Each structure stands twice: as structure tokens, then as C-alpha cells.
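A.B. asks: predicted structure and sequence below. I'll ask about it afterward.
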Amino acid sequence: MGGDHGPKVTLAACRQFLDQQSDASLILVGLADQIGSFSHPRATIVTATEVVTMDDPLEIALRRKKDSSMRVAIEQVKEGKAQAAVSAGNTGALMAISRYVLKTLDGIERPAIAGQIPNATGGATTVLDLGANVDCTAEHLLQFAVMGSALVSVLKNIETPSVGLLNIGEEVIKGNEVIKKAGELLRSAAKSGDLNFVGNVEGNDIFKGVADIVVCDGFVGNVALKTSEGLASMIGGFLKAEFSRNIFTKMAAIGAYSVLTALKNRVDHRRYNGAALLGLRGLVFKSHGSADVFAFHNALDRAYDAARFNLLDRVRVRIAHAAPLLVPAEPVV
């Protein structure tokens, strides 16, 4: 029910997904009058009487709308009726409801949003956190790195993905006290075999693809995400503008059209839609609110891959192994 377009996009994407994945089934949750007519042999309709809007305060979404489509969908995961939930709705509400209903895994204090940002290698860099936690401790950043490693190992089939810590420079002496301490913890995790930590990385390294995973707090991560999303829009706007000018700019644009179109497709964030809410006792994926059919289909695919490759179990195993490092140090009295 969520996102900018609602069922007219999500239902079409669901049909495409079911036609493509012959061993998958879907539970569609929403208002009966808007999704009740959807029919497919591997689709089940579960109705809800309320919808969390994009501008609903957390108190409304969490405490008052107890029969919202978002909450009912997450409860399907808690009850074992679904292996994953996907929503294009209110991000803050999705995180709050998911955390309340599913709870966090042992050893994890805060869930994080992990998404992919296209890079120059033709692939994507997984970045977390993308906005769930504005202020983080060093231990939180280590937890993000462990969870992100599990995610990438599943989605990209990389057993020991590389991890970088976002900083203002590569040197270990750079950064604030939280970042410096996080670097120490990540280096310790690398020595114990829990992570493949490659050191500090800078903002431009996200787009170079220097590391498979880049760890940062949610404030910085969200800024990086929005910056990457603007790149494809900028290229598309440039193409449109040049074709609308005089004959000379049109001829120049025609000459560069194939190259610019390929670049636009390469950095198209819709290809990587579907951010994982990591650290919960269940799989939840957040689609971009403005997702079209193509983008929402990709979010469904990402959740499907996470479920069939047992992402949750892999996260648990990695967290258990790194448990001694994940516990915040006792303050010195």
C-alpha cells in the first residue's frame, strides 16, 4: 500500500515477480478494495483496515494503527507465514514497527539500513547505515560491518567481502574519536578473522568500488545515498536539455547519446532498489518510496535472494563469532 504510487505499481511488480520466480509465493497485504481483485495461483491476499501514510508520526504508526498493512505484513514474518517482508512505505515507521514486532538479534543494539550504491566497476557498493541511526557508537559501526558482511556474502556470493570505514582520510589518525575507536575495533575483528577490513575509505571511494561494504553513521550514509540517486537524474536531465536546444547541440547530443544512456543505466539506482533492515529477528526490505514497477520488482528479488540463501542464519553465525568484540567496553571508574 505504501510509496508514492501504491498498488498500481506494487501489484504489477508482484505479478512480474511471480511470473519470473516459479518457486516463490507472495502474501499481499492491504486494503481489500484496492488489492482484493489481484489473482495468481501463488498469491494470497491478507486484508488490513489501515494504512501508514508517508507523513504519519511514529506514535500514530506504532501505537494507534495496529491493523495497518505495514504491521500486518511484518507480523506475517514473525508468525513464520512469510520469510521476508517488503514495503515502499514510511521508512521511519517501517523500522520502528519492525523493531517492535520482530525484536533485535542477540548482540545487536540497533538495526541498520543497508543498501547498494552503484560504483565505477559496474557493480554496487553496499553502504550502511543509510538513515536509521543518526548518532552511532564505535560498537554500532562494528555491528554494522558484521551484518553487512553477511548480507554481501549472500547477495553477491562473496565469502569474505571487503569492508571500509568511511572517514575524512585514509590515515588511522584521521576522524573523530568514534571513528578512531571504530577503526581499532574493525582492525581487531580483522585479526580474529571476523572481517576483511581494508581500512579507512573516503566518500569518493564509495563510487570507485574500493570496498564491497562501506560503514558509516546514518546521517552520512543517507547523504551519500541521495547524492548517488541524483546522478542518474542529472544525466537524464542533461540529455533532455541538449536535445531541446539548437541544431548544433542536438547533433552533439546524438553523438554522445549511446555513451550517456549507457552511463545513465549503469548508475540507475532502480537496479539496486531494496535496502535490508539488518539486525532484526526476521527479514525486512525497504523499497524506495518513488519506486516504479522495475524498481519494486528488484526489491522483491533482493528479499527473495536473502530468504532462499538464509541471510538471517548467516547474520546470526557471524554475530555469534564476533560476540566478544560487539559488547561495549565497561567504563573506567
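C.D. replies: Now that the structure is in, tell me what you want to look at.

A.B. asks: what's the closest non-adjacent residue to residue 126?
C.D. replies: residue 213 (4.8 Å; Cβ to Cβ, 6 or more residues apart in numbering). (Each C-beta comes from the backbone N, C-alpha and C, glycine too.)

A.B. asks: what about that neighbour, how many residues nearby?
C.D. replies: As a burial measure, residue 213 scores 27 neighbours (other Cβ atoms under 10 Å).

A.B. asks: show me the contacts for it.
C.D. replies: Applying Cβ atoms under 8 Å, 6 or more residues apart in numbering, we find residue 213 in contact with 125, 126, 127, 128, 145, 148, 149, 152, 161, 162, 163, 164.

A.B. asks: quick check: the third one is in a strand.
C.D. replies: To tie it back to what came earlier, the one meant is residue 127. Yes: assigned with DSSP: H, G, I helix; E, B strand; the rest coil, residue 127 falls within a strand.

A.B. asks: let me see the contact set for it.
C.D. replies: By Cβ under 8 Å, 6+ apart, residue 127 lies in contact with 114, 115, 116, 117, 206, 213, 214, 215, 216, 221, 224, 225.

A.B. asks: of these, which is the nearest to residue 47?
C.D. replies: residue 115 (30.1 Å; Cβ to Cβ).

A.B. asks: test my guess that that closest one contacts residue 278.
C.D. replies: No: with contact defined as Cβ atoms under 8 Å, residue 115 does not reach residue 278; the gap is 10.6 Å.

A.B. asks: what's the overlap in contacts for those two?
C.D. replies: residue 128.

A.B. asks: quick revisit: just the ones in helices from the contacts of residue 127, please.
C.D. replies: Among the contacts of residue 127, the subset assigned to helices under DSSP state H consists of 206, 221, 224, 225.

A.B. asks: which parts of the stretch 51-200 of the chain are helices?
C.D. replies: For the stretch 51-200 of the chain, applying DSSP state H, counting those that start in this stretch gives helices covering 58-59, 69-78, 91-102, 138-155, 177-191.

A.B. asks: now do the third one: distance to the chain's middle.
C.D. replies: Computed by Cα atoms, centre = their mean, to the nearest Å, the chain-centroid distance of helix 91-102 equals 14 Å.

A.B. asks: buried sites along it?
C.D. replies: 91, 92, 93, 94, 95, 96, 97, 98, 99, 101, 102 (16 or more other Cβ atoms under 10 Å).

A.B. asks: now do stretch 326-333, average pLDDT.
C.D. replies: When pLDDT is averaged along stretch 326-333, the result is 52.

A.B. asks: next: stretch 32-43.
C.D. replies: On average, stretch 32-43 scores 95.

A.B. asks: so which residues make contact with it?
C.D. replies: Residues outside stretch 32-43 that contact it (Cβ under 8 Å, 6+ apart): 1, 6-7, 11, 14-15, 18, 24-29, 45, 47.

A.B. asks: ChimeraX command to pick out the buried ones of the residues you listed?
C.D. replies: To isolate the buried members of the contacts of stretch 32-43 in ChimeraX, using 16+ other Cβ under 10 Å:
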select :1,6,7,11,14,15,18,24,26,28,29,45,47
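
A.B. asks: between the contacts of stretch 32-43, which sits nearest residue 289?
C.D. replies: Closest approach to residue 289 among the contacts of stretch 32-43 (Cβ to Cβ): residue 6, at 10.4 Å.

A.B. asks: excluding chain neighbours, give the residue nearest to the closest one in space.
C.D. replies: What sits nearest to residue 6 in space, not counting adjacent residues and going by Cβ to Cβ, 6+ apart, is residue 34, at 7.3 Å.

A.B. asks: quick check: which element contains that neighbour?
C.D. replies: Secondary-structure element containing residue 34, defined by DSSP states H and E: helix 32-35.

A.B. asks: what are the buried residues along that helix?
C.D. replies: For helix 32-35, burial by neighbour count (16+ other Cβ under 10 Å) applies to 34, 35.

A.B. asks: beyond the lowest-mean-pLDDT helix or strand in the chain, next helix or strand please.
C.D. replies: Scoring the helices and strands of the chain by mean pLDDT, DSSP states H and E places helix 247-266 at the bottom, with a mean of 57. With elements assigned by DSSP H and E, the helix or strand that comes after helix 247-266 is strand 275-278.

A.B. asks: contacts only, for the residue lying closest to residue 49 once chain neighbours are set aside.
C.D. replies: Setting aside the residues directly before and after it, residue 49 is nearest to residue 67 in space (Cβ to Cβ, 6+ apart), at 4.7 Å. Contact partners of residue 67, counting by Cβ under 8 Å, 6+ apart, are 48, 49, 50.

A.B. asks: got the domain ranges for this protein?
C.D. replies: Domain assignment for the chain by automatic domain parsing gives 1-102, 106-278+293-326.

A.B. asks: can I get those domains in a markdown table with distance to residue 286?
C.D. replies: Compiled in a markdown table, the domains of the chain are given as follows (distance: least, Cβ to Cβ, whole Å):
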| stretch | distance to residue 286 |
| --- | --- |
| domain 1-102 | 6 |
| domain 106-278+293-326 | 5 |
